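Participant: A predicted structure for the sequence below; I have some questions about it.
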Amino acid sequence: QTYSQLVLPITNAPADHYILQLTPTIITQQKAATMATPAPISADAAQMATYLAALTQPDTNIIRQAEVALKPILKNSACVPAMIEVIKAQSADNEGTRHVAAIVLRKRITGHMSKFDAAARSVLKAELLSILQTENSRPVRNGVVALVATVCKAEAEDGTDLAQAAASWPELFQFIAAAAGDAHPEPRE
């Protein structure tokens, strides 16, 4: 099961998983349907990408409308998978939109982490490391690095000491060690 098909369970949600269907002003919930063939980007992520792309426009009216539309969406933790999809979609979205997605998610992820169970957290962390390994764009990669740092800090604040925090995400430290020893400058960066 790929991450784009995964709906992160919310600890206080009912047993059924839901996918958010984003509209310009309203959020409605529908039960997730099983996908026969995985789409390159979901409708939720495409709508999120539209709003994020509007944030990069020079027209302040467009930016304000996008902010108004995004505000209620970003309060719900179900926006996290859509944001990850936008960041991953190298062919579907431009670099600026993906960079904005990483920045917006970095600012909002701390409030959403407590709503995810342990399995969803580990899937999210694994997906972030996967993005770092495959990302070619330097601005997007730097945005994801900042996002990983924020997630790591949130995990460390949940733990009581540094050893416990390190134990909660050992793959990150393995990733850093491997990147530091790489001959190419991009992974070391």
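Facilitator: Nice, I can see it.
Participant: dump the C-alpha coordinates for the longest helix along the chain into PDB.
Facilitator: When the chain is parsed with DSSP state H, its longest helix is helix 138-158. The C-alpha coordinates for helix 138-158 follow below in PDB (Å, rounded to 0.1, in the frame of the first residue of the first chain):
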ATOM      1  CA  ARG A 138      17.300  21.900  -3.900                       C
ATOM      2  CA  PRO A 139      14.600  24.300  -2.600                       C
ATOM      3  CA  VAL A 140      12.100  21.500  -2.100                       C
ATOM      4  CA  ARG A 141      14.800  19.300  -0.500                       C
ATOM      5  CA  ASN A 142      15.700  22.100   1.900                       C
ATOM      6  CA  GLY A 143      12.000  22.600   2.700                       C
ATOM      7  CA  VAL A 144      11.700  18.800   3.500                       C
ATOM      8  CA  VAL A 145      14.800  18.900   5.600                       C
ATOM      9  CA  ALA A 146      13.200  21.700   7.700                       C
ATOM     10  CA  LEU A 147      10.000  19.600   7.900                       C
ATOM     11  CA  VAL A 148      12.000  16.500   9.000                       C
ATOM     12  CA  ALA A 149      13.700  18.700  11.700                       C
ATOM     13  CA  THR A 150      10.300  19.900  12.900                       C
ATOM     14  CA  VAL A 151       9.000  16.300  13.100                       C
ATOM     15  CA  CYS A 152      12.100  15.200  14.900                       C
ATOM     16  CA  LYS A 153      11.800  18.000  17.400                       C
ATOM     17  CA  ALA A 154       8.100  17.100  18.000                       C
ATOM     18  CA  GLU A 155       9.100  13.500  18.600                       C
ATOM     19  CA  ALA A 156      11.900  14.600  21.000                       C
ATOM     20  CA  GLU A 157       9.500  16.800  23.000                       C
ATOM     21  CA  ASP A 158       7.200  13.800  23.400                       C
END
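Participant: which elements pack onto it?
Facilitator: Under the contact definition 3 or more CB pairs under 8 Å, 6 or more residues apart in numbering; DSSP states H and E, helix 138-158 sits against helix 79-88, helix 95-113, helix 118-134, helix 162-168. Every C-beta, even on glycine, is put in place using the N, C-alpha and C of the backbone.
Participant: again, only using 6 Å
Facilitator: helix 95-113, helix 118-134, helix 162-168 (3 or more CB pairs under 6 Å, 6 or more residues apart in numbering; DSSP states H and E).
Participant: mean confidence for that helix?
Facilitator: The average of the pLDDT scores along helix 138-158 is 90.
Participant: where does the prediction get shaky in this protein?
Facilitator: For the chain, applying pLDDT under 70 flags the ranges 1-39, 91-93, 158-166, 187-188.
Participant: so how far is the longest helix of the chain from its chain's centroid?
Facilitator: How far helix 138-158 lies from its chain's middle: 10 Å, per CA atoms, centre = their mean, to the nearest Å.
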